[in-house]
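Q: Sharing a model that was predicted from the sequence below.
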Amino acid sequence: MSIYEGYLETMTAVMDRIVHLIEENSRRHEAEHGEKLYEHLSHRIKGDDSMREKLARLGVDPTARNALRAVTDAIGLRVVCLFIDDVYENVQLLKSLPGCSVVQEKDYIRNAKPNGYRSYHMILDVETDAPDVDGHAPGHYFVEIQLRTIAMDTWAALEHELKYKKHIANPELIAQELHRCANELASCDVSMQTLRKIIREL
Amino acid sequence: MKILLAEDELDLREVVTAYLEYQGYHVTAVTNGAQAVEKAAADAYDAIVMDIMMPVMDGIAAMRAIRAAGNTVPAIFLTAKSQVADRVEGLDAGADDYLTKPFAMEELHARLRALYRRKREYKVRTLSFGNLELDTEASELRAHNTIGLALKEVRLLSCLLSNADQALTAEQLLTEVWPGEGASEEVVWMYVSFLNAKLQSVRANVVIDGDRNTPYRVRMI
């Protein structure tokens, strides 16, 4: 039995709807400006084991209610863009979607985390006709979205690997160099963004 | 040790060169301030020995340009002038010491040794302005966030910060950051654009004014 019980189908529908809206917007942008608004878009329902593990870590019971209310990342999307400005264009779209409200947003691009992590995080409350875990209809589901550039995505992949590695010889040195890489990648992202603007003004 | 000597009088140039080379220094001798600025940017020297009165560009203007480019190499002025005002101007331009002509070669040598001892302590590593810190060693710009900088960006920003609130023309910046590279003024504008975007991304309360047609100036917002 899934931890999400009978809500899995609605969750998938909610996720597909948001994915579809982001894709549609990008297609519209491509028709107008000749390029997509993102490079790739991935999405997932958090796996059963991983959700149970997270709830145990939080010290709450592994119930569908907790999976959909105590945590907000049961439904997760990641939008990876070529340029920083494209990230913010997608953010604007997500803020304007009908039937969605922004519960939380964190701009770790303008406020990088101390380790160098950069990304834009949003939590949406998405309304749907189907009932939710509180028994309300229309129901409400959380969707967590991470938006970032390819450079930020590459960095996050490596940092993730470091975080889950048990024994590392030089953790401080690696963290320090990883931080330097984050600053250099950010430097390139900003320079590329600036060059794109200059090219388009020509 | 490498010494850059700028002296337009042939006799003195040859005597100083011969003496210092005899003492084991490697001497690059030039005849005016513009050549000194060019050499100082192109190569790393342990000390500069420079005349004040020279054709094309005088020693004081050359010293200012060398310092504005972020170069902190120890420097001694040789001057025929004995007025206090000239010495003050020379020291304010960034020289560390001066010798009035005529001088004894032994004294020049002793002053070079003294300066070299202090070279390490002298080095400026971080430039601050507003909420901004430019770490020239790590090539990093820090305010609310940190971002990396390319070498030319570090030099350009050092130059602007050392002359904060002063207007610098693209031509001046080219001489100091891209000396002898045949770069166009367009490159200055492009690097100013990079720097402005990076200042914004670390949320610095600092901006560089100016564009292709006007001089550049760094100021607090």
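A: Perfect, I can see it now. Numbering: from 1, shown residues only, chains lettered A, B, ... in the order given.

Q: all contacts plus neighbour counts: C-alpha atoms, from now on.
A: OK.

Q: Do the biggest helix by length in chain A and chain B come into contact?
A: The single longest helix within chain A, with elements called by DSSP state H, is helix A:171-201. Yes: under the criterion of CA under 8 Å from any CA of the partner chain, chain B is reached by helix A:171-201 at A:180, A:182-187, A:190-191, A:194.

Q: Give me the lowest-pLDDT entry from those residues.
A: Lowest in pLDDT among the residues of helix A:171-201 next to chain B is A:Arg180, which has 88.

Q: quick one, what contacts that one?
A: Contacts here follow CA atoms under 8 Å, 6 or more residues apart in numbering or on different chains; on that basis A:Arg180 touches A:116, B:148.

Q: separation between it and A:Leu173?
A: Using CA to CA, to the nearest Å, one gets 11 Å for the distance from A:Arg180 to A:Leu173.

Q: Next: A:Asn25.
A: Using CA to CA, A:Asn25 is found at 42 Å from A:Leu173.

Q: quick one: which of those two has more around it?
A: A count of neighbours by other CA atoms under 10 Å in any protein chain shown puts A:Asn25 above the other of A:Asn25 and A:Leu173, at 16 against 10.

Q: Could you list every helix and strand in contact with the helix or strand that contains that one?
A: Taking DSSP states H and E as the definition, one finds A:Asn25 inside helix A:8-33. Contact analysis of helix A:8-33 by 3 or more CA pairs under 8 Å, 6 or more residues apart in numbering or on different chains; DSSP states H and E lists strand A:40-45, strand A:75-81, helix A:84-96, strand A:139-149 as its packing neighbours.

Q: In contact with the nearest residue to A:Lys46 once chain neighbours are set aside, which residues?
A: The shortest distance from A:Lys46 to any non-neighbouring residue, by CA to CA, 6 or more residues apart in numbering or on different chains, is to A:Ala74 (5.0 Å). With contacts defined as CA under 8 Å, 6+ apart, A:Ala74 is in contact with A:45-46, A:51, A:67-68, A:142-144.

Q: same check, this time on B:Leu151
A: Neighbour list for B:Leu151: B:Ser139 [criterion: CA under 8 Å, 6+ apart].

Q: From A:Ile75, how far off is it?
A: Between B:Leu151 and A:Ile75 the distance, using CA to CA, works out to 43 Å.

Q: what phi and what psi does the backbone show at B:Glu186?
A: Backbone torsions of B:Glu186, given as degrees, to the nearest 10, read phi -60, psi -30.

Q: Which positions are bridged to A:His121 in the beta structure?
A: For A:His121, the beta-bridge assignment (DSSP bridges) gives partners A:Lys106, A:Gln146.

Q: what does chain B have sitting close to chain A?
A: That would be B:140, B:144-149, B:193-194, B:197-198, B:201-203, which are the residues of chain B within reach of chain A (CA under 8 Å from any CA).

Q: of these, buried ones?
A: Buried by 16 or more other CA atoms under 10 Å in any protein chain shown: B:140, B:144-149, B:193-194, B:197-198, B:201-203, out of the residues of chain B next to chain A.

Q: Now, those that are in helices?
A: Counting by DSSP H, the part of those found in helices is B:193-194, B:197-198, B:201.

Q: Can you lay out those as a markdown table showing pLDDT?
A: As requested, those are arranged in a markdown table below (pLDDT from 0 to 100):
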| residue | pLDDT |
| --- | --- |
| B:Ser193 | 92 |
| B:Phe194 | 92 |
| B:Ala197 | 93 |
| B:Lys198 | 94 |
| B:Ser201 | 92 |
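
Q: circling back: closest to B:Asp209 among the buried ones among the residues of chain B next to chain A?
A: Of all these, the one sitting nearest B:Asp209 is B:Ser193; the distance, using CA to CA, is 10.0 Å.

Q: wait, isn't the closest one in contact with A:Thr194?
A: Yes: assessed by CA atoms under 8 Å, B:Ser193 is found in contact with A:Thr194 at 6.9 Å.

Q: picking up where we left off before, so for the helix holding A:Asn25, what gets flagged as buried?
A: A:10-11, A:14-15, A:18-19, A:22-23, A:25-27.

Q: Would you agree B:Ile48 falls within a strand?
A: Yes: assigned with DSSP: H, G, I helix; E, B strand; the rest coil, B:Ile48 falls within a strand.

Q: Could you tell me what pLDDT the model assigned to the residue nearest in space to the middle of chain A?
A: Averaging the C-alpha coordinates of chain A gives a centre point, and the residue nearest to it by CA atoms, centre = their mean is A:Gln146 (1.7 Å). Taken from the predicted model, the pLDDT recorded for A:Gln146 is 98.
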